[in-house]
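Q: what's the 3D shape of this:
(2 chains)
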Amino acid sequence: GENVEQHPSTLSVQEGDSAVIKCTYSDSASNYFPWYKQELGKRPQLIIDIRSNVGEKKDQRIAVTLNKTAKHFSLHITETQPEDSAVYFCAAYYNAGNMLTFGGGTRLMVKP
Amino acid sequence: DVKVTQSSRYLVKRTGEKVFLECVQDMDHENMFWYRQDPGLGLRLIYFSYDVKMKEKGDIPEGYSVSREKKERFSLILESASTNQTSMYLCASSLTGDLYEQYFGPGTRLTVT
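A: Model prediction:
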């Protein structure tokens, strides 16, 4: 099945700096890659996603890039703010299993 | 606005007890999922269902079963709870046409003593 690895597991940045979280996946047939944000004590919520026919997607301060050849994708947050502090999960849609496989999560801390 | 609710936020059970976790969604979603969330392991899929009375195993189905008698309700059952099933359990749902975006419930933190 699909295997998704996510790095780093924790990330601390100063407010205003950029943050980058990287994920790799194993199944070259995967074609959908969402990112979820989970604030402390709350449910995960989709913040951005990318499909395999696109190399980059942007939404205000967040962007996701996809390198299909290398089988990795990344989340970029610019001008970080304290409210960006949360756990972020990447995921890959595994066609054969008809399900999402999640990475281990990254705890992002933005220091004011 | 999609609403996914879970029957309990916190639950404490003893080893060997039978445990039921309930999930209800009010948006007529065909697909429903049960995950467990453990530090460093992310979200791992236990079971999912794409229709009433249909179920599929996820990555870690051992020790669990599920029931989907009605479209809006998906139950996770621990037949004989064990301490290694202490975890946060998250339910999610999605439409078939938009399988990918999943909407999550608030989670149930289960402690097995």
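
Q: Run through who's touching the helix or strand bottoming out on mean pLDDT in chain A.
A: Lowest on mean pLDDT, DSSP states H and E among the helices and strands of chain A sits strand A:99-102, with a mean of 88. Strand A:99-102 is contacted from outside by A:1-4, A:25, A:34, A:36, A:89-94, B:33, B:35, B:42-45, B:48, B:56, B:58-59, B:100, B:102, using C-beta atoms under 8 Å, 6 or more residues apart in numbering or on different chains. All C-beta spots, glycine's among them, are computed from the backbone N, C-alpha and C.

Q: Filter those residues down to just the ones in strands.
A: Among these, the members found in strands (DSSP state E) are A:4, A:25, A:34, A:36, A:89-94, B:33, B:35, B:42-45, B:48, B:56.

Q: Tell me the buried residues within these.
A: Among the ones in strands among the contacts of strand A:99-102, those buried by neighbour count (16 or more other C-beta atoms under 10 Å in any protein chain shown) are A:4, A:25, A:34, A:36, A:89-94, B:33, B:35, B:42-45, B:48.

Q: how near is the residue nearest the centre of chain B to residue A:70?
A: The centroid of chain B falls nearest to residue B:34 when counting by C-alpha atoms, centre = their mean (2.8 Å). Separation of residue B:34 from residue A:70 (C-beta to C-beta, to the nearest Å): 32 Å.

Q: again, but for residue A:38
A: 27 Å.

Q: Neighbour count: those two, which is higher?
A: Using other C-beta atoms under 10 Å in any protein chain shown as the criterion, residue A:38 and residue A:70 rank with residue A:38 on top: 20 against 8.

Q: Would you agree the more buried one is in contact with residue A:85?
A: No. With contacts counted by C-beta atoms under 8 Å, residue A:38 stays clear of residue A:85, the gap being 11.0 Å.

Q: so where do the strands sit in the chain?
A: Defaulting to chain A. Going by DSSP E, chain A shows strands at A:4-7, A:10-14, A:19-25, A:32-38, A:45-51, A:56-59, A:62-67, A:72-77, A:86-94, A:99-102, A:106-111.

Q: wait, chain B
A: Under DSSP E, chain B gives strands at B:4-6, B:10-13, B:19-25, B:31-38, B:42-49, B:56-57, B:65-70, B:73-78, B:87-94, B:103-104, B:108-112.

Q: List the beta-bridge partners for residue B:12.
A: Beta-bridge partners recorded for residue B:12 (DSSP bridges): residue B:111.

Q: give me every residue that touches it.
A: Counting by C-beta under 8 Å, 6+ apart, residue B:12 has contacts B:110-113.

Q: So which of these wins on neighbours?
A: residue B:110 (21 neighbours).

Q: can you list the residues of chain B near chain A?
A: B:4, B:33, B:35, B:40-45, B:48, B:50, B:56, B:58-59, B:90, B:99-102, B:104-107 (C-beta under 8 Å from any C-beta of the partner chain).
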